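> Predicted model follows, preceded by the sequence.
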Amino acid sequence: MNRKIIISLCAAALTVLCSASLSAAPKFPAAQWRYSNIYDRNPWLRGDNVTGMRADSIDISQAELSGKYSGGENRLLSEAPVLWSVGAGASTIMHLQRFSMVGSFSFEQTTMYSACGGMFLEHGRYPVDIYEFTPGTKSRQVYSFDGGVSVDITPAFRVGAVVDFKSTNCSKRKDLRYTDYALDLSFRPGFQWHRNKWSVGLAAAVECNTETITAEQIGVSQTSYDAFIDKGLFYGMEQVWEGGGIHLSEPGIGGFPVRELGWGVSAQMSWNEALYFDLSYLHSSGSMGEKDAIWMNFPTDRLSSTLQWKFRSNGGTEHIFRLEGILKGRILKENVIEKVTQGGVTTRSSFGSNVIFSRDNLSFKPCWTAVRPSVYELKLELSYSRDAALSSYQYPYLNGQVLRSAGFAFEGRYTAPCRVSPILGVWAGTGFLDENSRRAGEIESGTQPERLQNYYDNWKWYMTTPAFGARLGLRYTFLNSLYIEAAGSAVLRAGKPRIAAALSFGYTF
């Protein structure tokens, strides 16, 4: 592990040195901006078609080392009570005469104490999760890399592409022991036509992500380690982790593998580098299992759009108004599989599938940002989402819910003449949950579907209890554009706090 950390830090340093040696003279001094300002002001960079990044002309690079701490009981049960993390990263945006480049590299090591619960890296990313109940220490490493390029091929046409890569490893060394490996990869090629004040772009997208949980038990113990498989809304089955319903120890299958492959298209339009609009569609097909044992399938459709307006006021402040919307639908189908063993060889046959879970999500996020380089930054963000889900895990019971969530966040930074930048942030949010349960027709059934009730109650409390948070920080920028930043935050929910602290040291050029 130490070797991996050293290699990652060296690669990050090499990325920054290369970008420094290749950088052209920026249109504006890079020291007046933060890297996130330049990245956010260009909607082509934030979107699915990196080809339009040449609409901007500011070069900037950044390298940073950081450490973080978080702790407190205001959390989901699958989150660790205490965690520490350290990381390193480098990012650059560079514009040359006929082409532009963007890229970044980062590494983060996180240690989580007394952690248990969800075994997947992110709850809700897939429609199924698996829970274990033995608190222990988890270690997680995240490596990420992305790189994009835009090239002028004629005075009116550009082509480009961007590749995103992320690898995550997580391990727990206390029974029930397990490792979790995840890989995310996307490739988005595109082109742009531009003339006078108008620009139009088209792009394609190919995405692939995989994640595999491999569990084991070391030695012989009188303790029986149970696990729960959640197949939507915390309905599922609890049994010994080697049980056939959990699929963690399926004969001939290496752990619990998940694979999702997606493809899509997007279109963009901008006018005068001020007004921008995009629309993208992505369809993905996911499966759980491998070989002839595909236990579940989950197709997903996602439609997203962004509208942005940017202008500069007479005082030199740049204003950005942005509205983002996402519509997403997903279903989970469980396959009916029969196992036949002949001569010591087990074969599986699928006889169809049943839809056991569906989810539809609609979200909006309006945002306003105001930046006056070397003076102040202001950002106000609102959010609203509606999440409707229906579980038909055990027929004829139908259990549905609709969760509506709303919140706001504000952050302000001011750069004093002494190169000190105080930071203040506040945010709040709450949710409203409607639940309904019914039976399909008049069919009678003597057993109710099993539910992981304590985890569901905790999730319901977390999502529907009003939360309030604040962040205070301070950044000092040295004369050579080196900076050091320290910040602390606290979130309060029903009298339970969770605090966090972060310290970072970096260089912007």
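Received, thanks. Numbers count the residues shown, from 1 in each chain.

> Pull out the buried positions in the one helix or strand Gln239 maps to.
Taking DSSP states H and E as the criterion, Gln239 maps to strand 236-240. Residues of strand 236-240 classed as buried: 236-238 (neighbour count, 16 or more other C-beta atoms under 10 Å). C-beta coordinates here come from the backbone N, C-alpha and C atoms, glycine included.

> next one: the following helix or strand past that strand to chain centre, how far?
Toward the C-terminus, strand 236-240 is succeeded by strand 256-271 as the next helix or strand (DSSP H and E). Put simply, strand 256-271 sits 14 Å off its chain's centre (C-alpha atoms, centre = their mean, to the nearest Å).

> Within the sheet, what are the partner strands of strand 256-271, with directions?
Strand 256-271 sits in its sheet next to strand 198-216 (antiparallel), strand 275-290 (antiparallel), going by DSSP bridges.

> starting at the chain centroid, how far to the strand holding Gln239?
That offset, for strand 236-240, works out to 28 Å (C-alpha atoms, centre = their mean).

> Now do that strand: which elements does it pack against?
When contacts are defined as 3 or more C-beta pairs under 8 Å, 6 or more residues apart in numbering; DSSP states H and E, strand 236-240 packs onto strand 226-230.

> Alpha carbons of the strand it packs on, as PDB, please.
Output in PDB follows, covering the C-alpha atoms of strand 226-230 (Å, rounded to 0.1, in the frame of the first residue of the first chain):
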ATOM      1  CA  ASP A 226     -25.500 -12.900   9.000                       C
ATOM      2  CA  ALA A 227     -26.100 -10.600   6.000                       C
ATOM      3  CA  PHE A 228     -29.100  -8.900   4.600                       C
ATOM      4  CA  ILE A 229     -29.700  -8.400   0.800                       C
ATOM      5  CA  ASP A 230     -31.800  -5.300   0.200                       C
END
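
> other SSEs contacting it?
Secondary-structure packing of strand 226-230 (3+ C-beta pairs under 8 Å, 6+ apart): strand 129-152, strand 236-240.

> can you tell which of those is closest to Gly190?
strand 129-152 (9.0 Å; C-beta to C-beta).

> buried sites along the very next helix or strand once past that closest one?
For strand 129-152, the succeeding helix or strand toward the C-terminus, using DSSP H and E, is strand 157-172. Buried residues in strand 157-172, counted by 16+ other C-beta under 10 Å: 158-164, 166, 168-170, 172.

> Run the chain-centre distance for stretch 316-331.
16 Å.

> average model confidence for it?
If you average the pLDDT over stretch 316-331, you get 96.

> who touches that stretch?
40-41, 43, 127, 298-313, 355, 357-373 (C-beta atoms under 8 Å, 6 or more residues apart in numbering).

> Which of the buried residues of strand 236-240 sits closest to Ala486?
Gly236 (43.2 Å).

> Was I right to think that closest one contacts Gln394?
No - applying C-beta atoms under 8 Å, one finds Gly236 not in contact with Gln394, separated by 9.7 Å.

> Kindly list the longest strand within this structure.
strand 345-372 (DSSP state E).

> Just want the angle from it to strand 236-240.
120 degrees (axes from the mean of the first three to the mean of the last three C-alpha atoms, to 10 degrees).

> Strand 345-372 - which strands sit beside it in the sheet, and in what orientation?
strand 318-342 (antiparallel), strand 376-391 (antiparallel).

> Okay, buried residues for it please.
Buried residues in strand 345-372, counted by 16+ other C-beta under 10 Å: 348, 356-363, 365-367, 369-372.

> one step back: with respect to Phe191, which of the strands paired with strand 345-372 lies nearest?
Judged by C-beta to C-beta, the one of these that comes nearest to Phe191 is strand 318-342, at 23.6 Å.

> and the helix or strand where Asp184 lies, average pLDDT?
In the assignment (DSSP H and E), Asp184 maps to strand 177-195. Summarised as a single mean, pLDDT over strand 177-195 is 95.

> Flag every buried residue along it.
In strand 177-195, counting by 16+ other C-beta under 10 Å, buried: 177-182, 184, 186, 188-192, 194.

> ditto for stretch 468-487
469, 471, 473, 475, 477, 483, 485, 487.

> Now, these that are in helices?
Within the buried residues of stretch 468-487, no residue falls in helices by DSSP state H.
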